[in-house]
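Here is my input, please return the structure:
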Amino acid sequence: SSLLSPLPFTRTLSRVVPQLDRACQAVPSGPLVMVLPHRGTTKYQVKAALSGDSSKEAVVRRVRGILNKITPETFDTLTRQLLDVGIDNESVLQSIITVLFEKALNETQFCPLYAQVCLVLSKDAPNFELPDLRGHIESTTFLKLLLSYCQYEFENRVQNCATLAEGRKDGFTPEEEEEFAIARRKMLGNIKFVGELFKLDLVKERILHMCIKQLLVRVRDALPEDLECLCGLLATTGKRLDHPHAKAFMDAYFTRIAEIRQQPTLPSRIRFMLQDTIDLRKNNWVPFLVKEGPRKIQDIRNDAKREKSTGNKKGVPTRTAPTPAPVPAPAPIPAPVPEAAPRGKQAAMAETLLSLANLARQPEGEISLRPSTGQRSARPPGSPSAADVSSGRTRTPTARRKQIMAELTLDQILSRVDGIFLDLFAAEDTTEAVEALGELWLAPHSLPVLDRLLSAYLDAKDPAPKCVVDLLTVLFQKKILESDKLAPALSEVLATLDDLAMDFPLAPQRLSHLVAALTLANLVSLGDFTRPDHVVVTAKFLASVLVQLKTSLPEDKLADLCREGNVDILRVPPVATLSPLEQQDFLVQYGLDFLHPQVKVKQALRTMFAEHVTTAATAPAAARTLHRLIKEQLPPAAVAAPEFARTLLTAMLERVCSLTTLKTGSEHACTKEERDEEKAFLTALLPLFHKHADTKTKQLGVIYAAQAFCHANRFPKGLMLRLAVVLYDTDAVEQDAWALWRVEINDHEPGKGDALFALNEYLNWMETAEEESDEN
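Numbers count the residues shown, from 1 in each chain. The predicted structure follows:
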C-alpha cells in the first residue's frame, strides 16, 4: 500500500498555464466576431478574433502548415524550418507548444512523430529568462513549458468527460456524444503522448510512476476514464518501466489492477481492457496486434520486395507477434544415441532452439494434426541428413546458429540471455555461461546483450567484478560478442547513474569497481568516458575508479595510464569549475594529488605574480625576482616537468590580462592603450620561458595554454593573435612548434577551431617568412 500512496506533482502551474491559455487564443482558427463598419459603408466586415500582433499570427500559421506536412521523409527538412520560424520570445514558444500539443492529441497515430519533433525543439529551441511571481529570474525552456502543459492536461483529464456526463441519465444527444468522444480522444491522446515523450527520455521515469500511482489510487470507486488512461500508459511505456530495479513497483501496480478488475461495478469494457494489460505483461510486453505508425515510403517498398522474394502474400501475418503454436503430434520415443554426451542447460537450450527453427522452416500447409505414422529419425539433432550430404548442402555450426537466431525475436534472445546471466552470478562459473552463450549467435545484438549483463551485475547479490571480466575476455576472444560495444554500453549506464543511485544506492560503488577491473584488463579505457564532447561520468565517480586502480597500480603507473588515455580529472564536471585551491583540496581528499602536482605549483605562481607584477614599468625587475623565487621556493621536480611551462604561462596571462585588456571583462572591447600595456607586460615577462620551454614539446604546451586561456574567456577579439605575435617575436615559441600545433589533431584541447580561425593568416605569413629567411 505504501508503494501506491498518491504523490502529487511538485511543479507549479500558477504562471505557465494562464500563459498557455492566452497562447491558445493566438491560434488563427479562433471564433469569428462581427466588427461594425464606419458610418457611410454598406457592408459588415468579418475579422478573426485574434490576440497578439500580426507577426505572432504569421508564426503560428506557419507552424501549423509545417506540422500538417511533416512525414518521416520530410522530418529533417521541416524541423529545420520549424526552428527558423522566428522563435524570439516566450509567447511564440508557448504558441508553438499549443499547436504541437493540439496536433498530437487529435492525431494520436502520429504521436511518435510529434514526440520526435519535441525532442528536436528541446535541444535546439532558444531559452528565455523571465521573472517569476517573486521577481526572481527563471529560465523558461521548451521542455519545461511542454511538461507543464502535459501535467495540466493530466490533472484535468476527466474534467471535460465528467462535465459532459453530469446529469444526463437518458444518454447523449448526437452532438453531445460527438463532444464526449472528442474529449475522451484528447484524454487518451495526452496519455499516449506522455508515453512517447518518456521513450525519448524527455519525461523522467519517476514522473511516470507518479502518474500510475495517481491512476491507481482508487479501488472500489475507480473511475473508468482513469483505468483507460492507465491501460494506455502501460501499453506505451510498460516495456521500459518493467526493469529489475522497478520490479517491486510493477508487481504492486498489477496486484492493484487485479483487485480493481474483480469489482462488480466495473464496466465490462474496462474489465477486459485491464485483463489485456495483464496478459501483455505476461507476454513480455509483446503486443498480439502490432499497430504500425508512420513509416517511410522506402521502408514500405523494401517490405514489399521482401514479401515478394519470400513468397509471403499481402495480408499474411509476419513474425511481429507470437502466433499460436500447432498441437504437437504424438511420436514414438526416439532410439538412443550411442555414447551420448552429458546433457546440460546449454544442450537442452540448443535442442529447443533447433526444434523451433525446424518448425519455422516447415512449408505452409505441411503441419498436420493427425498422429504421426512414421518413425522419428535416430540421428542426433543438428546433424546433416543424407540428402543434405549428397547435395552438398551441409551447413556449418555457425550457419546453423545464424539460421536458428534468424527465427527468434530480440525479446526471445534477451530472455534466454537473462537466464544465463542469472545462473552466472549465482554460481560464479563462467565456463557454462560461455558455452551457453556460444550456442547463440549474439554478435549482431552485442549492445543489448552487454546492457543486460550490466543490469544483471547490478541486481546480483555481492557480484564479483572478476566474474564479469573473465566472461567478457573469453567472449571477445571467441568473437561471440563485439568488443567495441562494451564502452557504449557502459556509457549508457553511467550517463544515468544519478537516477540509478536514487533507486539503488550501491550502484556507483559497484560500477566503479567494475570499471576499474575492466580498465586493468584492457577491455575499456577511461578516456572513453571523459572525452570533452562525451563526458558521461562525474569527477567523484572517476575519483572512485582511480582510487580502486591505485590499490593495484603504483602511483607512477597510474599517472602514466591517465596520461596515455588523456584522462584529466580536473576537466571533469563539477571539479572543472572549481578554483585551483578547491581542486587541490579535492585531489588531497581522494589521495590523488600525485596526478596533478602542477595544481599546487599554479597556486604558488599566482601568489608570486599577484605580489610582484603590478605595473608595466616594474615588469623587468619583477621578472628577475620571479626567476629567483621559482628556483628557491618551488620543488625542482615540478619545475622540471614538461607541464611547468604551460602552468607558468597560464598564471602569467591571468595576472597580466586582469591588469590590462580583460580588467573590465571579456565582453568589452579593449582600448589601444590597454593593448600596448599588455604587450609591454608580456615582452618583459616572457624571457622566463627561455629556460622552461626549451623543447618543442614544452613549446607546444605553451601554445595550448594560450588556446585554453582564450577559450575560457570566450575568445576576446584579437587576444589569440596578440599572444601568438608576442610569443613568436620574443622567441618563446619557435616556428616549428607553431607548425606542429597547426596540423596536430587533439580533441582533448577545447577551442582549437576558433584559435586556428584567428591565426590562419598569421601562420601563413609565419611560414612564408621562415622560408624567405632560410633562402637569405
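
Please make it C-alpha for all contacts and neighbour counts, starting now.
OK.

name the helices or strands packed onto the lengthiest helix in the chain?
Assignment by DSSP state H gives helix 174-199 as the longest helix of the chain. Helices and strands touching helix 174-199, by 3 or more Cα pairs under 8 Å, 6 or more residues apart in numbering; DSSP states H and E, are helix 90-106, helix 111-124, helix 142-155, helix 159-165, helix 224-241.

switch the cut-off to 10 Å
helix 90-106, helix 111-124, helix 142-155, helix 159-165, helix 205-215, helix 224-241 (3 or more Cα pairs under 10 Å, 6 or more residues apart in numbering; DSSP states H and E).

so which of those helices gets nearest residue 757?
Across these, the minimum distance to residue 757, taken as Cα to Cα, is reached by helix 111-124, at 24.9 Å.

Okay, buried residues for that closest one please.
By 16 or more other Cα atoms under 10 Å, the buried positions in helix 111-124 come out as 111-122.

which strands and helices sit next to that helix?
helix 75-83, helix 90-106, helix 142-155, helix 174-199.

Tell me what angle the second one forms with helix 75-83.
Following axes from the mean of the first three to the mean of the last three Cα atoms, to 10 degrees, one obtains 140 degrees for the angle between helix 90-106 and helix 75-83.

Which other helices and strands does helix 90-106 contact?
helix 16-24, helix 54-69, helix 111-124, strand 128-131, helix 142-155, helix 174-199.

Make a markdown table out of these and add distance to residue 561.
Formatted as a markdown table, those follow (distance: least, Cα to Cα, whole Å):
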| stretch | distance to residue 561 |
| --- | --- |
| helix 16-24 | 51 |
| helix 54-69 | 52 |
| helix 111-124 | 35 |
| strand 128-131 | 44 |
| helix 142-155 | 41 |
| helix 174-199 | 38 |
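
out of the ones you listed, nearest to residue 589?
Here helix 111-124 is closest among the helices and strands packed on helix 90-106 (Cα to Cα), at 36.6 Å.

what is the orientation angle of that closest one with helix 142-155?
140 degrees.

for helix 111-124, what is the average pLDDT?
The pLDDT scores in helix 111-124 average 87.

ok, now stretch 151-163?
For stretch 151-163, the mean confidence score works out to 68.

Surely residue 669 is within a helix?
No. Counting by DSSP: H, G, I helix; E, B strand; the rest coil, residue 669 is not part of a helix but coil.

ok, back up a step: mind listing what's buried in the longest helix of the chain?
Counting neighbours by 16+ other Cα under 10 Å, helix 174-199 gives 179-180, 183-184, 186-199 as buried.

Residue 762 is in contact with residue 725, correct?
Yes. Shown here, residue 725 and residue 762 form a contact pair, counting by Cα atoms under 10 Å, at 8.4 Å.

if we can go back for a sec, in terms of distance to residue 282, which of the buried residues of helix 111-124 ranks first?
So of these, ranked by how close each gets to residue 282 (Cα to Cα), first place is residue 112, at 24.9 Å.

Okay, now the unreliable bits of the stretch 251-400 of the chain?
Counting by pLDDT under 70, the stretch 251-400 of the chain has low-confidence residues at 288-301, 304-305, 307-400.

Try it again at 50.
Flagging of the stretch 251-400 of the chain using pLDDT under 50 yields the residue ranges 312-395.

Likewise for the stretch 601-750 of the chain?
Using pLDDT under 50, nothing in the stretch 601-750 of the chain is flagged.

could you pull out the helices for it?
619-633, 636-640, 644-659, 672-685, 689-692, 696-712, 719-729, 735-743 (DSSP state H, counting those that start in this stretch).

Distance check, the closest residue to residue 107 other than its chain neighbours against residue 144.
Excluding its sequence neighbours, the residue lying closest to residue 107 (Cα to Cα, 6 or more residues apart in numbering) is residue 189, at 7.9 Å. As judged by Cα to Cα, to the nearest Å, residue 189 and residue 144 stand 20 Å apart.

Repeat that for residue 632.
57 Å.

more crowded one of the two?
residue 144 (15 against 10; other Cα atoms under 10 Å).

quick one, helices of the stretch 451-600 of the chain?
465-477, 486-495, 497-503, 507-520, 539-550, 555-564, 580-589, 597-612.

which residues are in contact with the fifth one?
Which is helix 539-550. 494, 497, 508-509, 511-517, 519-520, 526, 529-530, 553, 555-559, 562, 567-576, 586-587, 589-592 (Cα atoms under 10 Å, 6 or more residues apart in numbering).
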